[in-house]
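[1] Please find the sequence and the predicted model below.
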Amino acid sequence: MLETGDIHRFASAGDFASYCRCVDSTRTSNGKKKGSGNAKAGNKYLSWAFSEAAHFAVRFEPLAQRFYERKKAKTNGIIAIRAIARKLARACWMMLKHQQPYEAKLMFPG
């Protein structure tokens, strides 16, 4: 909470995930890389915290572990962990913004 500040300053969950450095900053067009944004923009401590939380989610949450295994089969382990970190950042924004409890079924459907 101290690193985030007022949650209402983020208009969407994507904006919050971007602030937490959980999204990619590359620009693509027609499948080709056209440049990159500022990869250092955002909060490095939140980036680290959500990455650590993703590792623990894979260890202790069966739905997260299933999502991780599916994503890892398509790409690699680092991208799969960052995808879970992004999902956790979005869930954190939803919980703080709407004052609702955590529900793993909403984060990892199917």
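    Everything's here; your move.
[2] Do a quick rundown of the strands in this structure.
    26-29, 32-36 (DSSP state E).
[3] And the residue nearest the centre of the chain?
    The residue lying closest to the centre of the chain (CA atoms, centre = their mean) is Arg86, at 0.8 Å.
[4] Between the strands of the chain, which one is closest to Ala91.
    In terms of CB to CB, the element of the strands of the chain nearest to Ala91 is strand 26-29, at 24.2 Å. C-beta: built from backbone N, CA, C; applies to glycine.
[5] packing partners for that closest one?
    Packing partners of strand 26-29 (3 or more CB pairs under 8 Å, 6 or more residues apart in numbering; DSSP states H and E): strand 32-36.
[6] In this structure Lys33 contacts Ser25, no?
    No - with contacts defined as CB atoms under 8 Å, Lys33 does not count as touching Ser25, sitting 11.3 Å away.
[7] Between the two, tell me which one has more neighbours.
    With neighbours defined as other CB atoms under 10 Å, Lys33 and Ser25 compare such that Ser25 has more, 14 against 9.
[8] Output the strands of the chain as a markdown table; include the columns mean pLDDT and distance to Leu63.
    Formatted as a markdown table, these follow (pLDDT from 0 to 100; distance: least, CB to CB, whole Å):
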| stretch | mean pLDDT | distance to Leu63 |
| --- | --- | --- |
| strand 26-29 | 78 | 29 |
| strand 32-36 | 78 | 32 |
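[9] closest to Phe108 out of those?
    That would be, of those and by CB to CB, strand 26-29, which comes in at 25.5 Å.
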